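> make a model of this:
(2 chains)
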Amino acid sequence: MRTGMIDRRKLLLGSAALALSGCKVFDTAADQGSTLHQLFASHEGLTRPAQRALIGDRLAPEYTEADIRQGMRPNGSTDPVSAAYRQMAETAFRDYRLSVTGLVEAPVTLSLRDLTALPARTQITRHDCVEGWSCIAKWQGVPLGTVLNLAQPKPAARYAVFHCFDAIERSLSGEVLYYESIDLIDAYHAQTILAYAMNGTALPVANGAPLRLRVERQLGYKMAKYVHTIELTDSLASLGFGRGSYWADRGYEWYAGI
Amino acid sequence: MPNGPLVYRQRLLTRVTHWIWAVSLFFLLLTGLQIFNAHPVLHVGLESGFDYDNAILEIGAVDAGGELRGVTRVLGTEFDTTGVLGVSGGEVRAFPAALTIPSKQSLATGRIIHFFFAWALGITLAVWLIASALNGHLRQLVPSLADLRALPRDLADHARLQFHHTADYSVLQKLAYASVLFVALPLMILTGLSMSPGFNAAAPWLLDLFGGRQTARTIHFLTMTALVGFFAVHMAMILLAGPFNEMRSILTGWYRTDGGHNENGHD
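Numbers count the residues shown, from 1 in each chain, chains lettered A, B, ... in the order given. Have a look, this model is predicted:
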């Protein structure tokens, strides 16, 4: 009994010390190469199939005009600096072209005029940032599936990769350009659109002009802004650090449904 | 000190799941605070007000003449919380490094650990609920009418720090454990899922029930504070009721009850 009490006290002190420094003990989990990180990140192997099984092709909630109570909060890059982008922005994106390339039968190049001539979809949806905030806005654009079908994806195509004009950081080897990818299940979802208008006006530069992706059942970082090229691929391994997106390369989940 | 017979009070599944929940909740709390730090504001409504104010809690920092001060605003009233909330260890961060995993700012790492243990908690809670419904353990946790009639006396006994060591849980224990297992933890899981844009497509009605994503996030945070409160009382009760006996029962299942003269004894 007596030794039991002493052991118990030691146990309590030990747990208190663990709780206090708590948090440093598990700092190695932040290192993407660590075993601890890979163990925790394995949740993605459950999360994505579970969500996919639950949601099928169901729609994200849509809202009404009355729910739009403020402007759309811009986040991440808000003003790309590349010369090519700046020049286009100064001429209202008249010279902008969207390229659809990669594993397609017929690569296409589309101007903004071409895109706006295609059947459009308008949706009032909630944008959820990975940081935790939400903002409701109205988006108008062309369904991504329509654009992909123009280029006729090859059967081997599995992912749509979005290449963007903006760079969030500079590394020693130059600017690290933003890129994102989704699989073709999300690419062909009814609410997945390439938006060129927001809250009734042309998409502002801060929100991704002239064209940004909306993937309404995932978090904001999946919704690439300033898109110039969509590349269909069968693998994500050769891009960036091989995890399929700028933020996935930095430890965030590639599938951002939660 | 109880000196009656040892009784087998917690079966193996309850003991194993108890410890999985304990470890999971430790990580869920500290990674949850890490995630909260990325946007240390609680809103009420469908979205976060930036051009209007729908915040009920906001933790921030202000520059007061070259000195950083932590400011916590609760329902419109500001408190200086420098050193703990808003500013700690010389840097601007809502919750301090000692209360987040990892200790430095890393939303991505906080998220993967949070979801890993959310799965662990969710799966073990489901397994335990189903097994306990089948083996009759759930009935032991739900207070009976007789239990509720004994509530005033149990309250008075607890207030006098007089604890009865019996094979069954006391009515206050039943109410506390049942609130955590049948209300607080399911509420944490459901409000957590309601913050998921993917899950919203599966159950938009649940999102509506909670009053929108930002209200769900606020309920998630408030339920967390209730669970922290439960943990504090849980620890205090273990220490007051006899830590050796209490720890033995949650580790081995065996619990020493009061002697035969105790009318609540089951010997």
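> break chain B down into its domains, please.
Split into domains by automatic domain parsing, chain B comes to B:6-39+B:105-256, B:41-94.
> could you pull out the helices for the stretch 151-258 of chain A?
In the stretch 151-258 of chain A, helices defined by DSSP state H, counting those that start in this stretch lie at A:184-187, listed in chain order.
> what does it put close to chain B?
A:216-219, A:247, A:250-253, A:257-258 (C-beta under 8 Å from any C-beta of the partner chain). Where C-beta positions appear, they are placed from N, C-alpha and C, glycine not excepted.
> in contact with the closest residue to chain A within the stretch 151-267 of chain B, which residues?
Taking C-beta to the nearest C-beta, chain A has its nearest neighbour within the stretch 151-267 of chain B at residue B:198, 2.8 Å off. Residues near residue B:198 by C-beta atoms under 8 Å, 6 or more residues apart in numbering or on different chains: A:51, A:54-55, A:217-218, A:257-258.
> ok, 6 Å please
By C-beta atoms under 6 Å, 6 or more residues apart in numbering or on different chains, the residues touching residue B:198 are A:51, A:55, A:217, A:257.
> next one: residue B:111
Residue B:111 touches nothing, counting by C-beta under 6 Å, 6+ apart.
> 7 Å instead?
residue B:35 (C-beta atoms under 7 Å, 6 or more residues apart in numbering or on different chains).
> element containing it?
helix B:107-135 (DSSP states H and E).
> now do the helix or strand that that helix is followed by: which elements does it pack against?
Heading C-terminal from helix B:107-135, the first helix or strand you meet, by DSSP H and E, is helix B:137-141. Here helix B:137-141 touches helix B:171-178, going by 3 or more C-beta pairs under 7 Å, 6 or more residues apart in numbering or on different chains; DSSP states H and E.
> so what touches the lengthiest strand in chain A?
Using DSSP state E, we find that the single longest strand of chain A is strand A:159-171. Strand A:159-171 is touched from outside by A:76-77, A:80, A:82, A:85, A:148, A:175-184, A:187, A:213, A:224-233, A:236, A:239, A:246, with contacts defined as C-beta under 7 Å, 6+ apart.
> can you select the buried ones among these for me in ChimeraX?
Entered in ChimeraX, the line below selects the buried ones among the contacts of strand A:159-171, by 16 or more other C-beta atoms under 10 Å in any protein chain shown:
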select /A:76,77,80,85,148,177,178,179,180,181,182,183,184,187,213,224,225,226,227,228,229,230,231,232,233,236,239,246
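> residue 159: neighbour count?
Picked chain A for this. When neighbours are counted by other C-beta atoms under 10 Å in any protein chain shown, residue A:159 registers 21.
> chain B, not that one
8.
> tell me the centre residue of chain B?
Of all residues in chain B, the one closest to the mean position by C-alpha atoms, centre = their mean is residue B:227, 2.1 Å from it.
> coming back round to it: buried set for the helix holding residue B:111?
B:107-122, B:124-125, B:128-129, B:132.
> ok, which stretches of the stretch 101-250 of chain A are strands?
Taking DSSP state E, counting those that start in this stretch as the test, the strands found in the stretch 101-250 of chain A are A:108-110, A:121-128, A:134-143, A:159-171, A:174-183, A:193-198, A:201-202, A:212-214, A:227-233.
> I meant chain B, not that one.
So, for chain B - with DSSP E - the strands run B:6-8, B:41-43, B:55-64, B:67-74, B:77-80, B:86-88, B:91-93, B:254-256.
> pLDDT of stretch B:28-46, averaged?
Across stretch B:28-46, pLDDT averages out at 98.
> before we move on, what about stretch B:199-218?
Computed over stretch B:199-218, the average pLDDT equals 98.
> now do that stretch: distance from first to last residue.
18 Å (C-alpha to C-alpha, to the nearest Å).
> for that stretch, buried residues please.
Buried-residue list, stretch B:199-218, by 16+ other C-beta under 10 Å: B:199-204, B:207, B:210, B:212-218.
> got it, and stretch A:41-56?
A:41, A:43-44, A:47-48, A:50-51, A:54-55.
> also near chain B: which of these, exactly?
A:41, A:43, A:47, A:51, A:54-55 (C-beta under 7 Å from any C-beta of the partner chain).
> turn these into JSON lines, including pLDDT and secondary structure.
Formatted as JSON lines, those follow (pLDDT from 0 to 100; DSSP: H, G, I helix; E, B strand; the rest coil):
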{"residue": "A:41", "pLDDT": "96", "secondary structure": "helix"}
{"residue": "A:43", "pLDDT": "97", "secondary structure": "coil"}
{"residue": "A:47", "pLDDT": "97", "secondary structure": "helix"}
{"residue": "A:51", "pLDDT": "97", "secondary structure": "helix"}
{"residue": "A:54", "pLDDT": "96", "secondary structure": "helix"}
{"residue": "A:55", "pLDDT": "96", "secondary structure": "helix"}
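> what residue ranges in the chain score low on pLDDT?
You didn't pick a chain, so chain A it is. A:1-23 (pLDDT under 70).
> sorry, should have said chain B
B:260-267.
> for it, list the residue farthest from the centre, please.
Most remote from the centre of chain B, using C-alpha atoms, centre = their mean: residue B:65, at 39.4 Å.
> ok, that residue to chain A distance?
For residue B:65, the distance to chain A equals 29 Å [C-beta to the nearest C-beta, to the nearest Å].
> and the stretch 51-200 of chain B, which of its residues are near chain A?
Checking the stretch 51-200 of chain B against chain A by C-beta under 7 Å from any C-beta, the hits are B:51-52, B:97-98, B:100-104, B:106-109, B:112-113, B:115-116, B:119, B:196-200.
> just give me the neighbour total for the closest residue to chain B within the stretch 151-258 of chain A.
Nearest residue of the stretch 151-258 of chain A to chain B, counting by C-beta to the nearest C-beta: residue A:257, 2.8 Å away. The tally of other residues near residue A:257 (other C-beta under 10 Å) stands at 25.
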